[in-house]
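Colleague: Coordinates for the following, if possible.
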Amino acid sequence: MTPNPRQSELLDEVRARGAVTVEALAERFGVTLQTVRRDVKLLSEAGLLARFHGGVRVPSSTTENIAYRQREALNAEAKQRIAKAVAARVPNGSSLLINLGTTTEAVARELLGHKGLRVITNNLNVAGILSGNPDCEVIVTGGVVRHRDRGIVGAAAVNLIRQFKVDIGLIGISGIEADGTLRDYDVREVQVARAIIEHSREVWLVADHSKFNRPAMVEMARLEQLDMLFTDAPPPRPFEALLAEAGVQIEISG
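Modeller: I've put the predicted structure just below:
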């Protein structure tokens, strides 16, 4: 199909935000819910959007993530707000395990003023950022470096992490599905994240609104393994109920 001007603007809005509710789109464009639902139906049938209960998102593969530079730009302001909220909760003198992701990298930038931190990471971008803080000791795992995002994966990374027990495990994720699973694309990356969860006294997840109802192939964990979720908008149904049942504390920034 060839989208009309309103449909083209709707596509741009969803691509900028990753995922958005039908109600928010109706308010954004000053049209009725029925008009948005009709547009969404046409665009999803053309493969330009993917629908979920109550909203719409950018179509995504369950086997491969979008490119790093595109992820870095996607919802950048929301990630910065999340990062500030996380940094405000991290005490000086803490130990952290930090995994891969553009949101965890945003958190690293907000930790540059903290004192007495010890950070273990398999993310060379996080290590590079925090090396600018002279009051933060950074430990980098061994393993295989992925050229696309400078993430380190493999058995050597897992083995190093297993030597520690830290205050906070800070993890990013590619998708949170409606069955309560946290999912990602690379099984080697997931193995590292599982080790982080197992060796952290508290597990904090950072995920902007676009991660809800986003499919991915490999199960990393379940919501009940989290202590806190930092996000930028109220989770859509059924996630609010799932998070409450799992006893996860939610902090919404923005």
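
Colleague: C-alpha from now on. contacts and neighbour counts both.
Modeller: Noted.

Colleague: Give me the number of neighbouring residues for residue 22.
Modeller: 21 (other CA atoms under 10 Å).

Colleague: go on, the one 10 residues further on?
Modeller: Burial of residue 32 is recorded as 14 neighbouring residues (other CA under 10 Å).

Colleague: what's the nearest residue to it if we skip its chain neighbours?
Modeller: residue 26 (5.7 Å; CA to CA, 6 or more residues apart in numbering).

Colleague: residue boundaries of the helices in the stretch 151-254 of the chain?
Modeller: Applying DSSP state H, counting those that start in this stretch to the stretch 151-254 of the chain gives helices spanning 155-161, 187-198, 239-246.

Colleague: winner for burial among those?
Modeller: When those are scored by mean count of other CA atoms under 10 Å, the highest mean neighbour count falls to helix 187-198 (a mean of 21).

Colleague: strands paired with the helix or strand residue 120 falls within, and their directions?
Modeller: Applying DSSP states H and E as the criterion places residue 120 in strand 117-121. Strand pairing for strand 117-121, determined by DSSP bridges: strand 95-98 (parallel), strand 136-140 (parallel).

Colleague: My understanding was that residue 75 contacts residue 13; is that so?
Modeller: No - counting by CA atoms under 8 Å, residue 75 stays clear of residue 13, with 11.1 Å between them.

Colleague: what touches both of those two?
Modeller: Counting by CA atoms under 8 Å, 6 or more residues apart in numbering, residue 75 and residue 13 have no contacts in common.

Colleague: about what we covered before: following element in sequence after the strand holding residue 120, please.
Modeller: Counting by DSSP H and E, what follows strand 117-121 is helix 124-130.
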